[in-house]
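have a look at this prediction, sequence included:
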Amino acid sequence: MSKLYTPIDFGSFTLKHRVAQAPMTRLRSEQPGDMPGDLMAQHYGQRASDGGLQIAEATPVSILGRGYLGAPGIYDGAQIAGWKKVTNAVHAKGGKIFLQIWHVGRQSHVDMTNRQQPVAPSAVPFAQVVFTKDGWVPVSPARALESSEIPGIVEEFRRGAERAKLAGFDGVEVHGANGYLLDQFLQDGSNKRTDAYGGPVENRARLLLDVTDAAVSVWGKNRVGVRLGPSGSWASMSDSNPEATFGYVADQLNKFDLAYLHIIEPRIAGGEAPVEGKPPVAAAQIRKVYNGRIIAAGGFEREGAEQIVDSGTADMVAFGRHFSANPDLPHRLKNHLPLNRYDRDSFWGGDQRGYTDFKPYEKVLEDA
């Protein structure tokens, strides 16, 4: 049997298998207020498994950190009650759940920020769309953050981590990938600063490491994860030396005793599958310098997930699209059962269709 289906220790708790639910932006919060509601609780509860890990969707830590209408928030104490519905549903089935805390930075629009201009490390124009009341629209031009504003960003992440704890989560994941604010600071294609947060990688990594330190100050050891995308080019992201940049960050993260480091593997244009014939390379590079647990993500199928865990390159694999359509995914993978096809049209916003109406395998057989 593959190690994918064996237990793994997280210090204060043990997971019974290594199939994780990846964070997915599904835009099903209740409006106004970005409130998690009953529909979200049902979705996460359906996908909880005894001793399994779920990483809840990207959740902004401030109004200025919003970029997608329908994404739930963790920037207001009023949102805690809604998240408690989610964590209670997961814990009732014996699962564990982390919250991914998020700031979109330049990937935003003034309709999402109470008319404030979006912020970034530098005012570098780029082409991208975000989701507002008018649907998918081009981003608003962003301004460069003043040095004096950056400690306030760190504090917003710390408060978000505190609210997540009050909401009953088992930990938090710092979102440092996908071209959002922390990633924008990290990569030199988007960071043109000349102060203490720009220039050499030690400066560009400062915000990500400060935010991680703030989250650990709330949660302690083995309760904070970090997500990185070493090969990501989405949202016009680029770096002149990604191996050195992300290698430095991974090495620095060793000192935090993280729950895990979550690594996104490269994908083809359109995001449907990994590059054909190309083995996972991002996690393999990070494994050379990072000593803790690694979660790999990026369009894995069962065979590839088993291989990367059995090889020791990663300790766990996070599934997104397959988990969206298969609430009992760990059971299906372990027993080589057929998978439901995910519904791409329902990914970003909507109702229960394509969200909570997928059935576990035994129910499909029963109905048949």
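Yep, it's here. Residues are numbered from 1 along each chain as shown.

quick one, helices of the stretch 51-200 of the chain?
80-91, 150-166, 181-186 (DSSP state H, counting those that start in this stretch).

would you agree residue 127 is in contact with residue 179?
No: applying Cβ atoms under 8 Å, one finds residue 127 not in contact with residue 179, separated by 11.6 Å. Heads up, the C-betas are built off the backbone N, CA and C, glycines and all.

of the two, who's got more company?
For residue 127 versus residue 179, neighbours defined as other Cβ atoms under 10 Å are more numerous around residue 179 (23 against 8).

what does the pLDDT read for that one?
Confidence at residue 179, expressed as pLDDT, is 96.

my read: it touches residue 238, true?
No: under the contact definition of Cβ under 8 Å, residue 179 does not touch residue 238, with a separation of 9.9 Å.

picking that back up, what's the overlap in contacts for residue 127 and residue 179?
Taking Cβ atoms under 8 Å, 6 or more residues apart in numbering as the contact rule, residue 127 and residue 179 both touch residue 236.

before we move on, the earlier item: could you name every residue contacting both of residue 179 and residue 238?
Counting by Cβ under 8 Å, 6+ apart, the residues touching both residue 179 and residue 238 are residue 190.

and for the residue lying closest to residue 143 once chain neighbours are set aside, the neighbour number?
Setting aside the residues directly before and after it, residue 143 is nearest to residue 117 in space (Cβ to Cβ, 6 or more residues apart in numbering), at 5.0 Å. Residue 117 is flanked by 15 other residues according to other Cβ under 10 Å.

isn't residue 238 up against residue 184?
No: with the criterion set as Cβ under 8 Å, residue 238 and residue 184 do not qualify as a contacting pair; they are 11.1 Å apart.

tell me which of those two has more neighbours.
Neighbours per residue, other Cβ under 10 Å: of residue 238 and residue 184, the larger number sits with residue 184, 29 against 12.

so where do the strands sit in the stretch 151-300 of the chain?
According to DSSP state E, counting those that start in this stretch, the stretch 151-300 of the chain carries its strands in the segments 171-175, 224-228, 260-264, 294-297.

any idea what sits nearest residue 160, other than its immediate chain neighbours?
For residue 160, the nearest residue in space outside its immediate sequence neighbours is residue 61; the separation is 3.5 Å by Cβ to Cβ, 6+ apart.

how much space between the nearest residue to residue 238 once chain neighbours are set aside and residue 200?
What sits nearest to residue 238 in space, not counting adjacent residues and going by Cβ to Cβ, 6+ apart, is residue 189, at 3.3 Å. According to Cβ to Cβ, to the nearest Å, residue 189 and residue 200 sit 15 Å apart.

ditto for residue 325
Remark: distance between residue 325 and residue 200 (Cβ to Cβ) = 44 Å.

contacting residues around the residue nearest to residue 238?
Counting by Cβ under 8 Å, 6+ apart, residue 189 makes contact with 124, 236, 237, 238, 239, 240.

lowest-confidence one in the residues you listed?
In terms of pLDDT, residue 236 ranks lowest among the contacts of residue 189, with 92.

quick check: residue 161 vs residue 13, distance?
With distances taken as Cβ to Cβ, residue 161 is found 18 Å from residue 13.

neighbour count: these two, which is higher?
Of the pair residue 161 and residue 13, residue 161 is the one with more neighbours under other Cβ under 10 Å, namely 26 against 14.

what lies in contact with the lowest-mean-pLDDT helix or strand in the chain?
Comparing every helix and strand of the chain by mean pLDDT, DSSP states H and E singles out helix 361-367 as the least confident one, with a mean of 83. Contacting residues not belonging to helix 361-367 are listed as 328, 331, 332, 337, 338, 359 [Cβ under 8 Å, 6+ apart].

residue ranges in the stretch 201-350 of the chain under the pLDDT threshold?
Segments of the stretch 201-350 of the chain classed as low confidence (criterion: pLDDT under 70) are 267-280.

where do the helices sit along it?
Using DSSP H, counting those that start in this stretch, the helices of the stretch 201-350 of the chain run over residues 201-204, 206-219, 242-253, 282-287, 302-310, 321-325, 329-334.

okay, these in a markdown table with distance to residue 157 and mean neighbour count next?
Formatted as a markdown table, the helices of the stretch 201-350 of the chain follow (distance: least, Cβ to Cβ, whole Å; neighbours: other Cβ atoms under 10 Å):
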| stretch | distance to residue 157 | mean neighbour count |
| --- | --- | --- |
| helix 201-204 | 17 | 18 |
| helix 206-219 | 5 | 21 |
| helix 242-253 | 15 | 19 |
| helix 282-287 | 22 | 22 |
| helix 302-310 | 30 | 19 |
| helix 321-325 | 26 | 21 |
| helix 329-334 | 30 | 21 |
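
adding distance to residue 133, write these out as TSV.
Shown next, in TSV, are the helices of the stretch 201-350 of the chain (distance: least, Cβ to Cβ, whole Å):
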stretch	distance to residue 133
helix 201-204	34
helix 206-219	29
helix 242-253	36
helix 282-287	36
helix 302-310	38
helix 321-325	24
helix 329-334	33
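
of these, give the one that comes closest to residue 348.
Closest of the helices of the stretch 201-350 of the chain to residue 348 is helix 321-325, at 11.4 Å (criterion: Cβ to Cβ).

let's have the strands of the stretch 151-300 of the chain in JSON lines, adding mean neighbour count.
As requested, these are exported to JSON lines (neighbours: other Cβ atoms under 10 Å):
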{"stretch": "strand 171-175", "mean neighbour count": "29"}
{"stretch": "strand 224-228", "mean neighbour count": "27"}
{"stretch": "strand 260-264", "mean neighbour count": "28"}
{"stretch": "strand 294-297", "mean neighbour count": "26"}
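
could you dump the ones you listed to a markdown table with distance to residue 215?
Rendered in a markdown table, the data for the strands of the stretch 151-300 of the chain read as follows (distance: least, Cβ to Cβ, whole Å):
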| stretch | distance to residue 215 |
| --- | --- |
| strand 171-175 | 6 |
| strand 224-228 | 5 |
| strand 260-264 | 13 |
| strand 294-297 | 16 |
